[in-house]
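Q: Task: produce atomic coordinates for the following.
(2 chains)
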Amino acid sequence: MDDKKTILVIEDEPPLLEAIRAKMEKTGFLVITGRSVKQALMYLEEGIKIDVIWLDHYLVGLENGLDLVAKIKEEGSKYRNIPVYVVSNTATPDKIQSYIRLGINKYYTKADNRLEDIIKDITNFLSREEE
Amino acid sequence: MSIRFRLIITYLCLSIAPLLIVIAIGLYWAQGIIVNEQLSHLRAMTNLKAASVEGYYSDLKVDIGIAQDYFNVIHNLPILYRQEANPTSTDFQAATAMLDGQMQRWLVERKDIQNFLLVAPDGHIVYSASSTLRDKIMFKGLSDPGNLTFIGAHDGVSISDLFADPESTGNNVFLVAAPIITADNSFIGEVILEINARKVYSLINDATGLGSTGETLLVKIIPNSDSSAPNKILYLNPLKFDSKAALNKTINVGDSSGLPAQSAATGNNGEGLSTDYRGKQVYAVWRYLPITGMGMVTKIDESEIHAPIYILFFEISIVLIILLFLFMGIIPIMVLLFTSPIRQLISATQQIARGDLSVKISDRLLDSKNEFGKLATFFDVMAKKLKESYSDLEKKVRERTRSLEESKIKDEAMLSSIGDGIIAIDAKGKIVLMNKAAEKMIGWKLSEAEGKTLDDIVPLVDEKGVKLPVQKRPRTAVFTRGTVIKTEDYYYVRKDKTIFPVAITAAPVIVKGKVIGVIDAFRDVTQERLVDRAKTEFVSLASHQLRTPLSAINWYSEMLLAGDAGKLNKTQADYVNQVYAGNQRMVDLVNALLNISRIDLGTFAVDPEPTDFCEVAKSVLAESKPMIATKKMDASCECEKGLPKVNADPKLIRIVFQNLLTNALKYTPDKGKVVVSVAKQDKNVLIKVTDNGYGIPESSKDKIFTKLYRADNIREHDTEGTGLGLYMVKAIVEDSGGKVWFESVENKGTTFFVTLPLAGMKKKEGSKELSSVK
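A: Next up is the predicted model:
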């Protein structure tokens, strides 16, 4: 189980969160889920090794995905190197641009992408990184 | 100058001028007659006087003839001559006494004879009938007057010139002498009568019939011994204007005065206007009297001759002035009478000119048979006709005015009830009309804005507040093109400098093919924009919200199909596939709605990069392979070789191709033909998508690019269309400066044309991208 990668999925919609968890676990990921920026930071600060982050834009609470990415990617952050995939339905182009500028790996529109395809992209990226 | 005045002048000229001419001729004539009359009178006077003087002289000659033949004289003269040395001798005394007895009677009877003298042949006096003078003159020489020459005096009777009597001062005399011849024909002396000039003078100086200035004068020439000096003329009688002139006054021959005297004295006769010794103009008649050797002049001052003419002239002038006053009184009255019909017509005309048609012309004038009567009659007829047609016209005008007022009220009611602002401007861009709505919207009253330039009153600005130049305003284009122009892109600036978004429809007012004005109909689209924005935002938000459940359905169906929840049997898999496909359509629809809302909000981004249109077309065609295969379509792409890459947003170009191709495929029956072509045309890229499908019905052609519109015929064939595709294509193409249009025949096929400038698209930062529709 040691070779299992850990993915932190932050998504406010429980049905979608469940679907992602199910599909990710099926693919062989260790899945930690959360619905808010606060939760995400909590998990990160607990010292759990996170290999990749799956992030929605609109989240529970006042802060959104962009706030989280800003914190993760800020100068001197311990989590800067964790790849971030933003999967959202609601982000506007300028926000997408902001995400990309902050250094996320890729942006996906939920409705337009199959779950499988996104996961394939993530696994491909992680395996490339390992090599 | 009024006719009245002219007539007065004319009449005056006609009456006075001939009168003056007649008077002038009359005066001239009268003058001639008077002068002639006077001259002939003078002539008669002269002749009479000449005859008197000459008669007197002849009488004197007769007298001397008598004395000459006296026996007494012939007998006693030799005795006196012989005894002259002894006057106291008896013989001498006796002879003297004998002579006295006869000769002194002469002196008594004849007052003009002053003395009776006898002279000896040698010329000295031997007898004086006047005893008082004897002491003074006896035995002396005869006072010779200068021209009485005794040498040869015995030849006949001679008469001397007048001369001053040496014995009595102030007394002028002349001598008449005759020789005494004896029977044996010997000359024994002379008999001499000394004649007092008084008689001659009384004959001459009788001025009866010569008026106040008339006189007669006698003159004699005195030859000058020095031939270089002029001869002198001597006046012999006392003159009217110079009583001492007799034998004293002389003038030179050739002087400018005393011309008749000069002429008469030198032996000429004559008459006429001349200059007398005073240098005055006189009418004179002059004669040379050969018997006496004198010249005679009778003359009257010209002024006296002319006096009757002046009197006549004066009298006529008075008559003339009286006549003139009379004419001046009568003529204006005549003219007044003559012009009264004219004045009546004038006042009638003025009345008509003032608009009062109830003109009445007096019957007297109408009845008169002359030209004025005719004129008045015609005028009357004309006035009546005018009145008739005027009242007709008035009726018509009233009716027309009423209908005009009604339609004006209607128009005004319409204008003011129209919610849109309406501003009418004339050809110079000046405001001529504004309705209430316009006043309310722009904050200007018509009374303030009328006649001012539209551009000054309501400037048009873009979203950044930059004023649009006049030549870019819709109304300018309307003037130049003469067509209706619509725009919703700009803002009007109100009087208070605030702005509002405005939709303007500028329409030309065309009269006889010429644009004479523009009607700007406009409305404030602030609310519309807000509503539209709210609507679009609602759609956007709703779409986003819809996406979440759609995503859930998508992913769970996907997992079910992937067997993540256990393997599905065939029926289950089919059903889940249906769910998945339906969900995909829903996602597409939501995406399309999102695109539309972005287009409507103007928030879609344009991110140009060098794009190969052909590549995009081919890729889109490739994506549609499944559909082409399913419908067994013949779809191809024709690309012009060497087409340059165009700086355009590939995502937007893709949307254009996608929609046009999808439509062509969808709305063409199975086994149909679709051709996509890309070529260069002038400065554009021309895209053509041709099919031989259902075509677009005539009724739908003008709405085909409208949002959510779907042609009637294709709704039967395809239920999946959104009615958003062409709307999106048009928005993208026109935003890029291109054009889109089509040619279509129902059931034959359709070709869509798109041109996009080779110059490419301009970059636009938008908040959202448009997403492709599958």
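
Q: quick one: B:L162 and B:N172 touch, right?
A: Yes: between B:L162 and B:N172 there is a contact at 5.1 Å, judged by CB atoms under 8 Å. (Each C-beta comes from the backbone N, C-alpha and C, glycine too.)

Q: Please identify every residue contacting each of these two.
A: Applying CB atoms under 8 Å, 6 or more residues apart in numbering or on different chains, one finds that B:L162 and B:N172 are jointly contacted by B:A197, B:L236, B:A246, B:L247.

Q: Among those, the buried ones, what's the PyMOL command?
A: To isolate the buried ones among the shared contacts of B:L162 and B:N172 in PyMOL, judged by 16 or more other CB atoms under 10 Å in any protein chain shown, type:
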select buried, chain B and resi 197+236+246+247
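
Q: right, and the pair among the shared contacts of B:L162 and B:N172 with maximum separation?
A: The most widely separated members of the shared contacts of B:L162 and B:N172, counting by CB to CB, are B:A197 and B:L247 (9.2 Å).

Q: joint contacts of those two?
A: B:L162, B:N172.

Q: mind listing the helices for the stretch 251-400 of chain B?
A: Assigned by DSSP state H, counting those that start in this stretch, the helices in the stretch 251-400 of chain B fall at B:259-265, B:302-353, B:363-367, B:371-417.

Q: do you know which of these lies nearest B:A581?
A: Per CB to CB, nearest to B:A581 of these: helix B:371-417, 54.0 Å.

Q: Dump the C-alpha coordinates for the helix or strand just after that closest one into PDB.
A: The helix or strand immediately downstream of helix B:371-417 is strand B:421-426, counting by DSSP states H and E. Presented in PDB, the C-alpha positions along strand B:421-426 are these (Å, rounded to 0.1, in the frame of the first residue of the first chain):
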ATOM      1  CA  GLY B 421     -38.200  60.100 -27.900                       C
ATOM      2  CA  ILE B 422     -38.600  61.700 -31.200                       C
ATOM      3  CA  ILE B 423     -36.400  64.500 -32.500                       C
ATOM      4  CA  ALA B 424     -36.800  65.900 -36.000                       C
ATOM      5  CA  ILE B 425     -33.900  67.800 -37.600                       C
ATOM      6  CA  ASP B 426     -33.700  69.700 -40.800                       C
END
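
Q: Just name whatever secondary elements strand B:421-426 is in contact with.
A: Where contact means 3 or more CB pairs under 8 Å, 6 or more residues apart in numbering or on different chains; DSSP states H and E, strand B:421-426 is packed against strand B:431-434, helix B:436-442, strand B:514-524.

Q: got those as JSON lines, with mean pLDDT columns?
A: JSON lines is the format used below for the helices and strands packed on strand B:421-426 (pLDDT from 0 to 100):
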{"stretch": "strand B:431-434", "mean pLDDT": "88"}
{"stretch": "helix B:436-442", "mean pLDDT": "87"}
{"stretch": "strand B:514-524", "mean pLDDT": "88"}
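
Q: Dump the ones you listed to CSV, plus mean neighbour count and distance to chain A.
A: Converted to CSV, these look like this (neighbours: other CB atoms under 10 Å in any protein chain shown; distance: least, CB to the nearest CB, whole Å):
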stretch, mean neighbour count, distance to chain A
strand B:431-434, 20, 43
helix B:436-442, 20, 35
strand B:514-524, 20, 30
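
Q: which outside residues touch the worst-scoring helix or strand of chain B on mean pLDDT?
A: The weakest-scoring helix or strand in chain B, judged by mean pLDDT, DSSP states H and E, is helix B:712-717 (a mean of 72). Residues outside helix B:712-717 that contact it (CB under 8 Å, 6+ apart): B:K666, B:Y667, B:Y694, B:G695, B:I696, B:P697, B:S699, B:S700, B:G721, B:E746.

Q: Please spell out which residues along that helix are buried.
A: So, applying 16+ other CB under 10 Å, buried residues of helix B:712-717: B:N713, B:I714.

Q: Next secondary structure after that helix?
A: Sequence order places helix B:725-735 as the next helix or strand after helix B:712-717, per DSSP H and E.

Q: quick check, distance from that following helix to the centre of its chain.
A: Offset of helix B:725-735 from its chain centre (CA atoms, centre = their mean, to the nearest Å): 71 Å.

Q: Mind listing what's buried along it?
A: The neighbour-count check on helix B:725-735 (16+ other CB under 10 Å) flags B:G725, B:L726, B:Y727, B:M728, B:V729, B:K730, B:A731, B:I732, B:V733, B:D735 as buried.

Q: and residue 20, how many neighbours?
A: No chain specified, so I'll use chain A. 25 (other CB atoms under 10 Å in any protein chain shown).

Q: wrong one, chain B
A: Neighbour count for B:L20, taken as other CB under 10 Å: 12.

Q: I'd like the distance between the closest residue in space to it that isn't next to it in sequence and chain A.
A: Sequence neighbours aside, B:L320 is the residue nearest to B:L20 in space, at 7.5 Å (criterion: CB to CB, 6 or more residues apart in numbering or on different chains). As judged by CB to the nearest CB, to the nearest Å, B:L320 and chain A stand 120 Å apart.

Q: Tell me where the longest strand sits in chain B.
A: If you go by DSSP state E, chain B has its longest strand at strand B:499-511.

Q: can you pull the contacts of B:S15?
A: Residues in contact with B:S15 (CB under 8 Å, 6+ apart) are B:L323, B:F327, B:I331.
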